[in-house]
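Asker: please work out how this folds:
(chains A and B)
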Protein chains: 2
Amino acid sequence: MLLCDIGNTSYHFYDLHSDYKESVEHFDPSSVKEDVHYICVQPAIKRELEKLPNWHNLEERIDRSDYYDTMGIDRIMACETIENGVIVDAGSAITVDVVRDGVFQGGFIYPGFKAFQKAYASISNALAYELDTDIDLAHLPKNTPDALAYGFLSGLVKEICSYDLDIFLTGGDAVSLQKQLPKAKVDRLLVFRGMLKSLGQDVC
Amino acid sequence: MLLCDIGNTSYHFYDLHSDYKESVEHFDPSSVKEDVHYICVQPAIKRELEKLPNWHNLEERIDRSDYYDTMGIDRIMACETIENGVIVDAGSAITVDVVRDGVFQGGFIYPGFKAFQKAYASISNALAYELDTDIDLAHLPKNTPDALAYGFLSGLVKEICSYDLDIFLTGGDAVSLQKQLPKAKVDRLLVFRGMLKSLGQDVC
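Answerer: Numbers count the residues shown, from 1 in each chain, chains lettered A, B, ... in the order given. Here you go, the predicted model:
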């Protein structure tokens, strides 16, 4: 079986053994001949996939009434995997969702590393720096690169820790973010676990 | 006397009675014939102003050793005005600086409203919304516009409040931000107060 989580920038495949990514820009989904169970946050791609008989949209198996209408299906799939916790999916956007006793409590969206970096650079050339996720958040910065990295991370970390729940990190930048959330568990396959659950299966 | 605080987007003038702004793109500083005491965060504009004999750079009057080398002179001027507090300057960037017993403790930089909004929109069309500063931060959002506004504001507000100091808000978006920081004092002229102090004068 092949699973695929299609985000803003990539097709993320998982064959129950290993995972790999293909760029949204260059990948042709009709090149896959086996059955694919997928979720997709991009309406245009979703419309294309509906024409391919071997691509099956797992969104149809989810009761959306537990969530909200415009909530990304990747966030919903991740929420389906836990009973209690904060799920932080650090990709092109960072989504933060809270589940208590199996019930979705709400969540928020924050720009990802690259979008944040670009936002700073768009304000002034003087703010065009790589964001350093190793920064020490215990002390207020006294130089520009640290002032930017602190701005990106410190409030976000305070917010995530404020719920006093277990933290589950997923997405491409999960490991970078874990440096500031050392108690968090990194689970790269969290969304795929939700997808398997919707198929009535556990992940290996 | 004319004071001018030149930021990333505008010349902000203050004549000790009223203040007004001119766009950085279209304003010709040589059109001003009276003496102007200014600060400027843009190196290219600073070089132009050095050629104009009636434009006097107040940066020369500041002991930068109390701060850090690349810290914006507008942030420094604001810090010079208080003994204890957090200064939040909400413009194209939002700068947050902490002063205790007259000593600068450090500070950070966060993207302003517009830059944040653009950062979301750059990730996906599904995240292209106006940010609503009236959002209720006491409850986790359950719709996309609130999830974005919450992402922008909630961690920032938690961070600013964590210092347990008086909060001084300045900059073009100070009033919008005060909705989430009701105990903060809005002082539109804070930077000008610092500029006058460097001239040995109190603001009227």
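Asker: wait, residue A:90 touches residue A:169, no?
Answerer: Yes: using CB atoms under 8 Å, residue A:90 is in contact with residue A:169, at 6.6 Å. Yep, even glycine has a C-beta here, placed from its N, CA and C like the rest.
Asker: overlap in contacts, those two.
Answerer: residue A:177 (CB atoms under 8 Å, 6 or more residues apart in numbering or on different chains).
Asker: where does chain A have low pLDDT?
Answerer: Within chain A, the stretches with pLDDT under 70 are A:202-204.
Asker: do a quick rundown of the helices in it.
Answerer: A:43-49, A:73-79, A:113-123, A:144-161, A:174-178, A:190-198 (DSSP state H).
Asker: closest one to residue B:77 among the ones you listed?
Answerer: Evaluated over those, closeness to residue B:77 peaks at helix A:144-161, with 16.9 Å, by CB to CB.
Asker: so that closest one, near chain B or not?
Answerer: Yes: using CB under 8 Å from any CB of the partner chain, we find that helix A:144-161 touches chain B at A:144, A:147, A:148, A:150, A:151, A:154, A:155, A:156, A:157, A:158, A:159.
Asker: quick one: that helix to helix A:113-123, angle?
Answerer: 130 degrees (axes from the mean of the first three to the mean of the last three CA atoms, to 10 degrees).
Asker: and helix A:144-161, what does it pack against?
Answerer: If you count contacts as 3 or more CB pairs under 8 Å, 6 or more residues apart in numbering or on different chains; DSSP states H and E, helix A:144-161 packs onto strand A:93-100, helix A:113-123, strand B:103-111, helix B:144-161.
Asker: residue A:1 touches residue A:17, doesn't it?
Answerer: No: counting by CB under 8 Å, residue A:1 does not reach residue A:17; the two are 10.6 Å apart.
Asker: returning to that earlier point: looking at the residues of helix A:144-161 next to chain B, spot the one nearest chain B.
Answerer: For those, the minimum distance to chain B (CB to the nearest CB) is 2.6 Å, reached by residue A:155.
Asker: ok, that closest one to residue B:138 distance?
Answerer: To residue B:138, residue A:155 is 17 Å away according to CB to CB, to the nearest Å.
Asker: and these two? Which one has more around it.
Answerer: Taking other CB atoms under 10 Å in any protein chain shown, residue A:155 and residue B:138 do not tie; residue A:155 has more neighbours (25 against 6).
Asker: wouldn't that one be in contact with residue B:161 here?
Answerer: No: the criterion here is CB under 8 Å, and residue A:155 misses it with residue B:161 at 10.3 Å.
Asker: contacting residues around the spatially most central residue of chain A?
Answerer: For chain A, the residue nearest the mean C-alpha position is residue A:89 (3.0 Å; CA atoms, centre = their mean). Contact analysis of residue A:89 by CB under 8 Å, 6+ apart lists A:74, A:75, A:78, A:95, A:97, A:170, A:171, A:190, A:191.
Asker: the second one: how many residues sit nearby?
Answerer: By that I understand residue A:75. Neighbour count of residue A:75, defined by other CB under 10 Å: 24.
Asker: ok, it - contacts?
Answerer: A:67, A:87, A:89, A:95, A:97, A:107 are the contacts of residue A:75 under CB under 8 Å, 6+ apart.
Asker: ok, now how distant is the most far-flung residue of chain A relative to its centre from residue A:117?
Answerer: Going by CA atoms, centre = their mean, the residue of chain A most distant from its centre is residue A:142, 31.6 Å out. In this view, residue A:142 and residue A:117 are 21 Å apart by CB to CB.
Asker: go on, residue A:66?
Answerer: Noted for residue A:66: a distance of 35 Å to residue A:117, by CB to CB.
Asker: cool, residue A:21 as well?
Answerer: As judged by CB to CB, residue A:21 and residue A:117 stand 21 Å apart.
Asker: neighbour count winner among these two?
Answerer: Using other CB under 10 Å as the criterion, residue A:21 and residue A:117 rank with residue A:117 on top: 20 against 15.
Asker: what sits against the closest residue to the more buried one other than its chain neighbours?
Answerer: Distances taken as CB to CB, 6 or more residues apart in numbering or on different chains place residue A:131 nearest to residue A:117, at 5.3 Å, with adjacent residues excluded. For residue A:131, the contact set (CB under 8 Å, 6+ apart) comprises A:113, A:116, A:117, A:148, A:149, A:152.
Asker: do residue A:70 as well
Answerer: B:126, B:143, B:144.
Asker: wait, the second one touches residue A:68, no?
Answerer: Yes: in terms of CB under 8 Å, residue B:143 counts as a neighbour of residue A:68; the distance is 5.4 Å.
Asker: of these two, which one has the most company?
Answerer: residue A:68 (18 against 13).
Asker: chain neighbours aside, what residue packs nearest to that one?
Answerer: Per CB to CB, 6+ apart, closest to residue A:68 is residue B:142, 4.6 Å.
Asker: same check on residue A:100?
Answerer: In space, residue A:100 comes closest to residue A:84 once its chain neighbours are excluded; the distance is 5.8 Å by CB to CB, 6+ apart.
Asker: which residues touch the nearest residue in space to residue A:12 that is not next to it in sequence?
Answerer: Nearest non-adjacent residue to residue A:12, counting by CB to CB, 6+ apart: residue A:5, 4.5 Å away. Contacts of residue A:5 were listed using CB under 8 Å, 6+ apart, and they are A:11, A:12, A:14, A:38, A:39, A:74, A:77, A:191, A:192, A:195.
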